[in-house]
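Novice: predicted structure and sequence below. I'll ask about it afterward.
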Amino acid sequence: MKQAAVIGSGTMGNGIAHVLSQAGIPVSLIDISEDALKKALATIDKNMGRQVEKGVLTDEARKKAMANITTTTFLTEGIKEADLVVEAATENVDLKLKIFREVDANTKPGTILASNTSSISITKIASATKSPENVIGMHFMNPVPVMKLVEVIRGYATSDAVTQTIMDLSRKLGKVPVEVNDYPGFVANRILMPMINEAIYSLYEGVAGVYEIDTVMKLGMAHPMGPLQLADFIGLDTCLSILNVLHQGFGNPKYAPCPLLVNMVQAGHHGVKSGQGFFKYTPGSKDLVVADRFR
Ligand code: CAA
């Protein structure tokens, strides 16, 4: 793998660029906003700085990794030399189809086109390209530099060779790849989202409060975050859209999103990114404070 490109410089995109560059792979980080790219570089630098402080990365290795990252707002420019393109744009089917159409038309033959989608069908995304055998899901977990898993999703037409390349690359990034097939929610979110939805139902039905539900799962099941805090961390809008994919994809009412989640998303309470969800968040503070609405 000589050159990679990452489309989208948000939380997931900058994390993916972080681990690729750290593994010695030159990365072109692409976004429509110059400002977002500046913020992404600062975030990567800060997160690599944390690793230097912890002694897991030398300062020299940090500088080398940072030098591996270039940024651009021109998609075609950023992808033209890439052997691998990882798309980490917003979870919106139409947007992803548009991006894959454009990427397919402007990359070298044989370039692997990966999506970091958390639930959109890889087979559907691949249908926007002329080489569906080169399209695959590469689902990283947040925070990317910390979480070991990469869920590698084979679309209906993904080739064995492409799957093997992505499994090997994930290992080179220090991750543990797991191969799964392309069905709604794959494995990670098919299991995670019903748990989060059930936690929200428990709150909605008055079984227990926010703090109590999360404490049961943290201390009782050794989860690093309770399901409500995790939902805030992932983004409540993202949780809702994944539940909708599961609900529509399987046609089973057990995946129907809790009405409280729907209300919160409609009210703009999207979790960490909007400043409040089940908890409220103050920039710079690590205190976990239950949102006023649920006290
Ligand atoms: N980059 C580099 N290092 C980071 C980092 C980042 N972005 N974020 C955290 N870290 C490091 C910290 O430096 C710290 O390192 P040490 O252990 O060496 O001290 C370590 O990670 C723990 O961080 P903190 O001390 O700041 O905080 P914490 O102990 O509360 O851990 C957490 C934070 C790792 C996020 C932990 O709470 C956790 O594992 N939460 C669950 C995360 C999870 O489930 N993620 C998956 C979400 S689902 C998803 O992503 C996919 C989807 O499709 C929805």
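Specialist: Noted; the coordinates are in hand. This structure is a prediction, so every number in the text was calculated from the model and none was measured.

Novice: show me what contacts the residue of the stretch 101-250 of the chain found nearest the ligand?
Specialist: Using C-beta to the nearest ligand atom, the closest approach of the stretch 101-250 of the chain to the ligand is made by Ser118 at 3.1 Å. All C-beta atoms are positioned from the backbone trio N, CA, C, and that covers glycine. Applying C-beta atoms under 8 Å, 6 or more residues apart in numbering to Ser118 gives the contacts 91, 139, 188-189, 238, 242.

Novice: for the stretch 101-250 of the chain, list the residues in contact with the ligand, please.
Specialist: 118, 141-143, 145-147, 188-189, 224-225, 230, 234 (C-beta under 6 Å from any ligand atom).

Novice: ok, now with 5 Å
Specialist: Neighbours of the ligand within the stretch 101-250 of the chain, by C-beta under 5 Å from any ligand atom: 118, 141-143, 145-146, 224-225, 234.

Novice: what is the most widely separated pair among those residues?
Specialist: Greatest spatial distance among those (C-beta to C-beta): Ser118 and Pro224, at 18.7 Å.

Novice: assign the residue of the stretch 101-250 of the chain closest to the ligand to helix, strand or coil.
Specialist: coil (DSSP: H, G, I helix; E, B strand; the rest coil).

Novice: do the one 10 residues further on as well
Specialist: Using three-state DSSP as the criterion, the local structure at Ala128 reads coil.

Novice: would you confirm that it contacts Val103?
Specialist: No: the criterion here is C-beta atoms under 8 Å, and Ala128 misses it with Val103 at 9.2 Å.

Novice: who has more neighbours, these two?
Specialist: Comparing Ala128 with Val103 by other C-beta atoms under 10 Å, the one with more neighbours is Val103, at 24 against 19.

Novice: which SSE is the more buried one in?
Specialist: Using DSSP states H and E, Val103 sits in helix 93-106.

Novice: which SS class is the closest residue in space to Phe278 that isn't next to it in sequence?
Specialist: Nearest residue to Phe278 in three dimensions, chain neighbours excluded: Leu228, at 4.0 Å (C-beta to C-beta, 6 or more residues apart in numbering). Following three-state DSSP, we place Leu228 in the helix state.

Novice: contacting residues for Gly110?
Specialist: Gly110 neighbours (C-beta under 8 Å, 6+ apart): 83, 134.

Novice: now the residues of the stretch 101-250 of the chain next to the ligand in JSON lines, with distance to Lys63 and pLDDT?
Specialist: JSON lines is the format used below for these (distance: C-beta to C-beta, whole Å; pLDDT from 0 to 100):
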{"residue": "Ser118", "distance to Lys63": "32", "pLDDT": "95"}
{"residue": "Met141", "distance to Lys63": "27", "pLDDT": "98"}
{"residue": "Asn142", "distance to Lys63": "25", "pLDDT": "96"}
{"residue": "Pro143", "distance to Lys63": "21", "pLDDT": "97"}
{"residue": "Pro145", "distance to Lys63": "17", "pLDDT": "96"}
{"residue": "Val146", "distance to Lys63": "21", "pLDDT": "96"}
{"residue": "Pro224", "distance to Lys63": "31", "pLDDT": "98"}
{"residue": "Met225", "distance to Lys63": "32", "pLDDT": "98"}
{"residue": "Ile234", "distance to Lys63": "32", "pLDDT": "96"}
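
Novice: out of those residues, which end up buried?
Specialist: 118, 141-142, 145, 234 (16 or more other C-beta atoms under 10 Å).
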